[in-house]
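Engineer: build me a model:
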Amino acid sequence: MLVRGKVVGKEGTARFEVKKSKKGISLRVEFPDGEPIDYSLDCPCLEPLELLGLLLPAIEERLGEIETVLVEEAVEDRKSFLDGLRKVFQRKHGKRFIGQSFKS
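Structural biologist: Residues are numbered from 1 along each chain as shown. You can find the predicted model right below:
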């Protein structure tokens with residue numbers, strides 16, 4: 001999953017990007033003054049906005065009082081059940097697809 005947006009504070013705006021996978025979750029916040037915050041966990045135990053929420057006090061120190069958090073894009077990278085079946089089927093039966101005959 002990928003979530004992008006921005007945090008608006010009294011003294012500026014910072015863009016953020018949170019990526020979550022089966023292996024973990026990472027957050028990058030880019031500030032107007034240049035130096036970003038990068039944070040990651042090797043556990044996918046948090047949702048993207050939960051991780052952002054935990055780091056809001058650190059972000060607030062650099063942006064002043066936070067006025068709003070805007071999510072501009074949220075992309076789920078799940079594959080459908082049918083895609084999973086096709087992948088398994090292709091491994092077991094070569095390049096045949098669901099719906100094709102098993103006759104050679």
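Engineer: strands along the protein, start to end?
Structural biologist: Counting by DSSP state E, residue ranges of the strands within the chain are 2-9, 12-20, 25-30, 37-41, 66-75.
Engineer: for the nearest residue to Met1 once chain neighbours are set aside, the count of nearby residues, please.
Structural biologist: The shortest distance from Met1 to any non-neighbouring residue, by Cβ to Cβ, 6 or more residues apart in numbering, is to Lys20 (4.5 Å). Glycine gets a C-beta too; all of them are placed from N, C-alpha and C. If you count neighbours by other Cβ atoms under 10 Å, Lys20 ends up with 20.
Engineer: what do you get for Leu63?
Structural biologist: Using other Cβ under 10 Å: Leu63 sits among 22 other residues.
Engineer: could I get the strands of the chain in JSON lines, plus columns for mean pLDDT?
Structural biologist: As requested, the strands of the chain are exported to JSON lines (pLDDT from 0 to 100):
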{"stretch": "strand 2-9", "mean pLDDT": "95"}
{"stretch": "strand 12-20", "mean pLDDT": "95"}
{"stretch": "strand 25-30", "mean pLDDT": "96"}
{"stretch": "strand 37-41", "mean pLDDT": "94"}
{"stretch": "strand 66-75", "mean pLDDT": "92"}
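Engineer: quick one: which of those strands is nearest Leu56?
Structural biologist: strand 66-75 (6.3 Å; Cβ to Cβ).
Engineer: tell me the angle of that closest one relative to strand 12-20?
Structural biologist: Interaxial angle, strand 66-75 versus strand 12-20 (axes from the mean of the first three to the mean of the last three Cα atoms, to 10 degrees): 40 degrees.
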